[in-house]
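Asker: sequence-free structure coming up:
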């Protein structure tokens, strides 16, 4: 009986002792770690313009409206080819046909007045110096809607990698600053997480022509490519 009680006492003491040792180790590790985040940015000139052009046409019948929109779009596609735009850089973005009604002003149902057809294409231009000339040529050939323009990077990976490198440098500098300020030194990098990034696209507004024969001026500006990182460092005395 006495031997059984002694063994039980030893067992009870052994379990808490191990648990306390683990708790001390965890607490010590947590107390000497540093959690930080940092961003890296790089500004680059875009090398790709994407423009949404379109045509709208009306007709007394659906077929007439659609035929007129088709005629204008055919002229636009021909113009793009004449401007050296490859077929793979032209993509249909939207195709609509809808009935048009007149308000009956409370005297019965609305009256059908005709139909409106619209066709929009998205055009990629690799030569930014020719964006203004292409815009003018398309408007001259029948385009009557311009839904917007965005400037992009054909290959954003290189700029993204540079933004990540800058984010890593910012993280390292911040970690060294905090370690020095608290009397520690950096022991090791425990973890590194990539929070993603973005390539900002400035909103572009078409400027007014200065002269009747002048090419529409387009400013591509610069893009900001960003990367966000977070890391945990272990510190030591």
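Answerer: The structure has been received and is ready for your questions. Quantities reported herein were computed from a predicted structural model and do not represent experimental measurements.

Asker: the helices in this structure, which residues?
Answerer: Using DSSP state H, the helices found in the chain span residues 2-31, 62-82, 131-140, 157-181.

Asker: show me what the last one is packed against.
Answerer: With contacts defined as 3 or more CB pairs under 8 Å, 6 or more residues apart in numbering; DSSP states H and E, helix 157-181 has these neighbours: strand 33-44, strand 185-199, strand 223-236. No exception for glycine: its C-beta is placed from N, CA and C like everyone else's.

Asker: most packed of the ones you listed?
Answerer: Highest mean neighbour count of these: strand 223-236, a mean of 19 (counted as mean count of other CB atoms under 10 Å).

Asker: shaky segments in the protein?
Answerer: 1-31, 104-106, 108, 197-214 (pLDDT under 70).

Asker: please parse this structure into its domains.
Answerer: 32-45+156-236, 48-152 (automatic domain parsing).

Asker: and the last one, how far out from the chain's middle?
Answerer: The one in question is domain 48-152. 26 Å (CA atoms, centre = their mean, to the nearest Å).

Asker: start to end distance for that domain?
Answerer: 5 Å (CA to CA, to the nearest Å).

Asker: ok, the shortest one next?
Answerer: Here the two ends of domain 32-45+156-236 are set 7 Å apart, with distance taken as CA to CA.

Asker: how close does residue 121 sit to residue 69?
Answerer: Per CB to CB, to the nearest Å, residue 121 is found 12 Å from residue 69.

Asker: neighbour count for the two, which is higher?
Answerer: Per other CB atoms under 10 Å, whichever of residue 121 and residue 69 has more neighbours is residue 69, with 24 against 21.

Asker: wait, isn't the more buried one in contact with residue 120?
Answerer: No. Assessed by CB atoms under 8 Å, residue 69 is found out of contact with residue 120, at 10.3 Å.

Asker: what about the nearest residue to residue 215 once chain neighbours are set aside, neighbour count?
Answerer: Nearest residue to residue 215 in three dimensions, chain neighbours excluded: residue 132, at 4.2 Å (CB to CB, 6 or more residues apart in numbering). Using other CB under 10 Å, residue 132 has 18 other residues around it.

Asker: for residue 132, give its distance to residue 98.
Answerer: Residue 132 is 32 Å from residue 98, by CB to CB.

Asker: do residue 153 as well
Answerer: Here residue 153 is placed at a distance of 37 Å from residue 98 (CB to CB).

Asker: tell me which of the two has more neighbours.
Answerer: residue 153 (18 against 11).

Asker: phi, psi of the more buried one?
Answerer: phi -110, psi 130 (degrees, to the nearest 10).
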